[in-house]
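S.K.: Let me see the structure of the following:
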Amino acid sequence: MKVRVIVVALATLALGLTAPPAQAASATATFAKVSDWGTGFEGKVTVTNGTSSPMNGWNVQFDLPAGHAIASAWDAAQSRNGQHYTFTNPSWAPSLGPGASASFGFTGSPGDFPGITGCTLNGAPCGGGTDPDPGVPGRPGRLTATGGTGAITLTWTAASGSVDGYRLYEGSAVKAAVSGTTATITGLGACETRTYTVRAHNGAGESAPSDPATATTAGCDPGEPGEGLPDHFLTGYWHNFVNQAAELRLSAVPDEYDLIAIAFGEATATPGEVVFGLDPGLATALGGYTDAQFTSDVRALKQRGKKVILSVGGEAGRVRVADAAAATRFADSVYGIMTAYGFDGVDIDLENGLDATYMAQALRALRAKAGAGLIITMAPQSIDMQSTGMEYFKLALSIKDILTVVHMQYYNSGSMLGCDRTWAYSQGSVDFLTALACIQLENGLRPDQVSLGLPAGPGAAGGGVVAPAVVNQALDCLATRTRCGSFVPPRAYPGIRGAMTWSINWDATHNWNFSKTVKTHLQGM
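M.R.: Numbering: from 1, shown residues only. Down below sits the predicted model:
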C-alpha cells in the first residue's frame, strides 16, 4: 500500500500538477494517472476540503491535450466543451465536510497521456488559493470546415478561460481574426483543399491550436475516377487464396457486386514493387483454374458492366513505398499488372503502415499512366482514420481529386471514438458505423468518397460482424438522419457511396445474405 501511495504522488509531480499548499488551508483537487496501456488510460481526481467549513458541492474543470478524449467517468457528473471537461459532485453526495475527500475516475484514449491542464476547483486553482491567474485561454473545441463556392466556412466551440478573440491558421499563416466562433475564408479557387486550425488569445497569449479541419471548395468533378460505377454501389473482395470460406471462380461473382477487388497483389524484395499471379492452391481447389481462364473471367465481368481492381497488401502484406524510387516502381509494376489482366484500378489495403507522401506520389504517377478513369480505393482500419493527422487520412485528403472511395474497415477494432469525440462506440453497432463514418465526412472527404466496410458474416472477421440490415440502417442514418441509434450525425449525407464487404467468398459461404440484402437497399437510395 505504501508503494502505491508513493507512485501516485510521483505521477502527480511528473504530470506537473500542484499539491495543496502547506501554508494555508484550502480546497484542492489532485490528478493521478492510474494506468496507461498504450491505446488508453485511466485517471483519477481527488477533491479534498482542507477548510474548516463544509463544501456544498464541487466543480472540477480541466483541459485535455489535442487528440485525447475521455470515454467514460464514474462517481461524478461529466460534461464537455471541446477539449474542456467539467465534473461535478454526484447527486447522492451533495456536500463534502471539513477535512473530507472524494474521488472520481475516468478512462480515455489514446494512451501515452501526458496529463491535464488548466485545472480549477469551484473556480479557483486546483492547488489552492483564491486569486487564479487566468493565463492563456484553453484550446477551442471541435473545429469543423465546410466547403462552398470559392470559400470555406469554419465553426468551433468556445475556448475556456478569458478570451479576447480567435485566429484562424493555415499552417503558420493567420488567415482570419474574429471575435466569435465562426469564420469564412474567401477568395479560394474551385476544388481547392485547405486545412486550418484555430487558436484563442487574450493579453496573456495564445492557446494551443485546435484539432485541424480540412475542407474542399466546390467545383470538383467527381465523375472521372471510377466513371461507370452507380451512385451507390457494392464492393466485394475476391480471395486469391484458400481459407475456410468458399472457393470461387471470378465467373461465379453475382450481379449484386459492382466493384470486385482481387485480394491481393504482393510485395517483392524490391521496395515498391508489386507482383500478382493466380494462387496455385486456389487453382487446384477449383479443379484447375488457369491464369488464362482468370483473365477471361475479368473481361467477362467488365462486359457485364462491373469494375475489377487489384487490392494491394492485406493483413499480411508488406508493400512499402517510402521514397521516390519505390513510388516509381509501385506505379510501374501495378500498371503492368493492370495491363496484363485488364484491371480498372488499385485498392490500397496496407494494414502495416504507409507513407502518405510517397504513396500519393505513386498513385499520381499510376494515374498519369492509366488515365482519368483509374479507380483508386482505400481500405484503412478504423484506427487509421481517427484523425486527419494519421497517414491513411493524410493520403486520402492529398489525393482527394483522384480518389474514388474509402472503404474503411468497421471491424476487428474494439471500441473507437466517433466524430463527436464523446464516447468510445462499441463495434458491431449502428452507432459505431455512423459515428466513425462521420469523422471522414466532417473532415474533408466528400460523401461520395465514403463507404462502409463490413464482414459478410461469422468467420469473416474476429469482431464487428453485424446483420446486413444494420448496414442498411446505418446508410439511412447517414443519408437522411433517420433510423439512427443514439448517435445522430450533424447533417445528412445523401451522397454516401455505399458498402463494401470482406468478402465475396464469405458472402457465398452465408448464402449471399450480405449482397442480396445490402445491394437491394442501395438500389433504392
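
S.K.: ok, A356 to T182 distance?
M.R.: If you measure A356 against T182 using C-beta to C-beta, to the nearest Å, the figure is 30 Å. Quick note: C-beta positions are derived from backbone N, CA and C, even for glycine.

S.K.: the more surrounded of these two?
M.R.: With neighbours defined as other C-beta atoms under 10 Å, A356 and T182 compare such that A356 has more, 18 against 11.

S.K.: How about the contacts made by the more buried one?
M.R.: E391, Y392, K394, L395, S398 (C-beta atoms under 8 Å, 6 or more residues apart in numbering).

S.K.: would CSV of those residues with pLDDT be doable?
M.R.: Formatted as CSV, the contacts of A356 follow (pLDDT from 0 to 100):
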residue, pLDDT
E391, 90
Y392, 93
K394, 92
L395, 94
S398, 90
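
S.K.: so which of these comes closest to G205?
M.R.: Nearest to G205 out of the contacts of A356 is K394 (C-beta to C-beta; 29.3 Å).

S.K.: V466 touches D431, doesn't it?
M.R.: No: assessed by C-beta atoms under 8 Å, V466 is found out of contact with D431, at 11.3 Å.

S.K.: Tell me which of those two has more neighbours.
M.R.: The neighbour comparison of V466 against D431 (other C-beta under 10 Å) goes to V466, with 22 against 19.

S.K.: Tell me the predicted confidence for P225.
M.R.: For P225, the pLDDT comes out at 52.

S.K.: do you know how far A300 is from A263?
M.R.: 19 Å.

S.K.: Between the two, which is the more surrounded one?
M.R.: For A300 versus A263, neighbours defined as other C-beta under 10 Å are more numerous around A263 (25 against 13).

S.K.: Now do the same for the more buried one: its pLDDT.
M.R.: pLDDT at A263 comes out at 96.

S.K.: Contacts only, for L154.
M.R.: Counting by C-beta under 8 Å, 6+ apart, L154 makes contact with L143, T144, A145, T146, L168, T182, A183, T184, I185, Y196, V198, A213.

S.K.: can you check M390 too?
M.R.: I383, D384.

S.K.: pLDDT at it, what is it?
M.R.: Note for M390: predicted pLDDT of 89.

S.K.: Could you do R483 as well?
M.R.: 96.

S.K.: For it, identify the helix or strand it belongs to.
M.R.: If you go by DSSP states H and E, R483 is not part of any helix or strand.

S.K.: What is the burial count for the closest residue to V178 other than its chain neighbours?
M.R.: Nearest residue to V178, sequence neighbours excluded (C-beta to C-beta, 6 or more residues apart in numbering): Y166, at 5.5 Å. Neighbours of Y166 under the rule other C-beta under 10 Å: 26.

S.K.: Doesn't Y166 belong to a strand?
M.R.: Yes: assessed by DSSP: H, G, I helix; E, B strand; the rest coil, Y166 belongs to a strand.

S.K.: Beta-bridge partners for it, please?
M.R.: Beta bridges link Y166 to V178, A200 when assigned by DSSP bridges.

S.K.: Please tell me I have it right and S251 contacts R299.
M.R.: No: counting by C-beta under 8 Å, S251 stays clear of R299, with 10.7 Å between them.

S.K.: and T214, how far is that from G189?
M.R.: Note on T214: its distance to G189, by C-beta to C-beta, is 16 Å.

S.K.: Which one of these two is surrounded by more residues?
M.R.: Higher neighbour count among T214 and G189: T214, with 21 against 8, using other C-beta under 10 Å.

S.K.: Would you mind measuring from the residue nearest to the more buried one when sequence neighbours are not counted to P94?
M.R.: Excluding its sequence neighbours, the residue lying closest to T214 (C-beta to C-beta, 6+ apart) is G444, at 3.4 Å. In this view, G444 and P94 are 46 Å apart by C-beta to C-beta.

S.K.: So for these two, which sits in the more crowded spot?
M.R.: Neighbour comparison, G444 and P94: the larger count goes to G444, with 22 against 11 (by other C-beta under 10 Å).

S.K.: mind listing what the more buried one touches?
M.R.: A145, T193, T195, A213, T214, A215, T216, T388, A396, L397, K400.

S.K.: And for L363?
M.R.: By C-beta under 8 Å, 6+ apart, the contact set of L363 is A331, V346, I348, I376, I399, I402.

S.K.: just A215 next, same as before
M.R.: A145, T146, G147, I152, T193, R194, G444.

S.K.: Angles on the backbone of the first one, please.
M.R.: Main-chain torsions, A145, degrees, to the nearest 10: phi -130, psi 140.

S.K.: Would you tell me what the next helix or strand after the longest helix anywhere in the chain is?
M.R.: Looking across the chain with DSSP state H, the single longest helix is helix 324-341. Downstream of helix 324-341, the next assigned helix or strand under DSSP H and E is strand 345-350.

S.K.: mind checking which helix or strand the nearest residue to I439 once chain neighbours are set aside is in?
M.R.: Once flanking residues are discounted, I439 sits nearest to C419: 4.5 Å by C-beta to C-beta, 6+ apart. Taking DSSP H and E as the definition, one finds C419 inside no helix or strand.

S.K.: Check the gap between T120 and F62 for me.
M.R.: Applying C-beta to C-beta to T120 and F62 gives a distance of 7 Å.

S.K.: Compare the two (neighbour count), which wins?
M.R.: For T120 versus F62, neighbours defined as other C-beta under 10 Å are more numerous around F62 (24 against 17).

S.K.: Am I right that that one is in contact with G118?
M.R.: Yes: judged on C-beta under 8 Å, F62 makes contact with G118 at a distance of 5.6 Å.

S.K.: any residues in contact with both of the two?
M.R.: H84.

S.K.: Need the CA coordinates for the strand or helix carrying F432. PDB is fine.
M.R.: Assigned by DSSP H and E, F432 falls within helix 430-441. Output of helix 430-441 as PDB, limited to C-alpha atoms (Å, rounded to 0.1, in the frame of the first residue of the first chain):
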ATOM      1  CA  VAL A 430     -25.200   1.100 -35.900                       C
ATOM      2  CA  ASP A 431     -23.700   3.900 -33.700                       C
ATOM      3  CA  PHE A 432     -20.200   2.600 -34.400                       C
ATOM      4  CA  LEU A 433     -20.800   2.700 -38.200                       C
ATOM      5  CA  THR A 434     -22.400   6.200 -38.300                       C
ATOM      6  CA  ALA A 435     -20.200   8.000 -35.700                       C
ATOM      7  CA  LEU A 436     -17.000   6.700 -37.300                       C
ATOM      8  CA  ALA A 437     -18.100   7.500 -40.800                       C
ATOM      9  CA  CYS A 438     -18.900  11.000 -39.600                       C
ATOM     10  CA  ILE A 439     -15.200  11.500 -38.900                       C
ATOM     11  CA  GLN A 440     -14.400  11.200 -42.600                       C
ATOM     12  CA  LEU A 441     -17.400  13.100 -43.700                       C
END
